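A.B. asks: Here is the input, now give the coordinates:
(one chain, ligands or ions: 1)
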Amino acid sequence: KVAQMGHPILRKVAKKLTEKEIHTPFIQQLIDDMIDTMREYDGVGLAAPQVHESRQIAVLEITEDNPRYPEEELVPTTIFINPVVTPLTKKTMGVWEGCLSVKGLRGLVHRPEHIKLEALDRHGKKIVQEYKGFAAVAIQHETDHLFGKIFVDQMADMTKLAFIDEFKKYHLGEEFDLE
Ligand code: ZN
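C.D. replies: Take a look at the predicted model:
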């Protein structure tokens, strides 16, 4: 169901939506399906290309139910369309990222820890929101998908790519710096 790394759709720049398109039943249904899929796979976020739709839509949700990131600040279900991310700091943070399209792997990625997101919500209303810490990283991860990028592209050190069992055994707690 979720496209895996190597599928060409994950490498395409997704198409922006017009405001008219956002209101169509097709797009509204796609958004609902994306939320369901994200929850079904215990993901923090999901981008439309991951479900084989090359459109600039992503969903994100950081809840208490998500077992991967128990200490993170919660983010309610957020739908963002045609996003533009602007870093608000040069300071980066390292997070061992995972991805529903890179099953079974984690990799250490450094990204700006404070960003501004400008996008449209599912009603076509403009969103301007700042995010810090893990939420900022998650927004950047999902936005990358809409531009044909996967987290491994952002890795500076490929020795920090690991299967989940080895990650837990050898790297847990390493460089997860929210300061
Ligand atoms: Zn991903």
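
A.B. asks: what packs against the longest helix seen in the chain?
C.D. replies: Longest helix of the chain, by residue count under DSSP state H: helix 25-40. Judged by 3 or more Cβ pairs under 8 Å, 6 or more residues apart in numbering; DSSP states H and E, the packing partners of helix 25-40 are strand 45-47, strand 57-62, strand 75-87. In short, each C-beta sits where N, CA and C put it, glycine included.

A.B. asks: Give the rounded mean pLDDT of the longest one.
C.D. replies: Computed over strand 75-87, the mean pLDDT rounds to 97.

A.B. asks: Confirm for me that His141 is in contact with Phe151.
C.D. replies: Yes: counting by Cβ atoms under 8 Å, His141 does reach Phe151; the two are 5.9 Å apart.

A.B. asks: Report the set of residues contacting both of those two.
C.D. replies: Listed as contacting both His141 and Phe151 by Cβ atoms under 8 Å, 6 or more residues apart in numbering are Glu97, Cys99, Val109.

A.B. asks: right, and out of those residues, which lies closest to Leu88?
C.D. replies: Nearest to Leu88 among these, counting by Cβ to Cβ, is Val109 at 18.2 Å.

A.B. asks: Mind listing the residues bridging to that closest one?
C.D. replies: Beta-bridge pairing for Val109 (DSSP bridges): Val95.

A.B. asks: ok, it touching Val95?
C.D. replies: Yes: counting by Cβ under 8 Å, Val95 is a contact partner of Val109 at 6.2 Å.

A.B. asks: Tell me which of those two has more neighbours.
C.D. replies: Between Val109 and Val95, Val95 has the larger neighbour count (other Cβ atoms under 10 Å), namely 26 against 23.

A.B. asks: That one reaches Arg111, doesn't it?
C.D. replies: Yes: between Val95 and Arg111 there is a contact under Cβ under 8 Å: 7.4 Å.

A.B. asks: shared neighbours, those two?
C.D. replies: Common neighbours of Val95 and Arg111, using Cβ under 8 Å, 6+ apart, are Val137.

A.B. asks: leaving aside the residues next to it on the chain, what's closest to Val152?
C.D. replies: Leaving out its chain neighbours, the residue that sits closest to Val152 by Cβ to Cβ, 6 or more residues apart in numbering is Gly107, at 5.7 Å.
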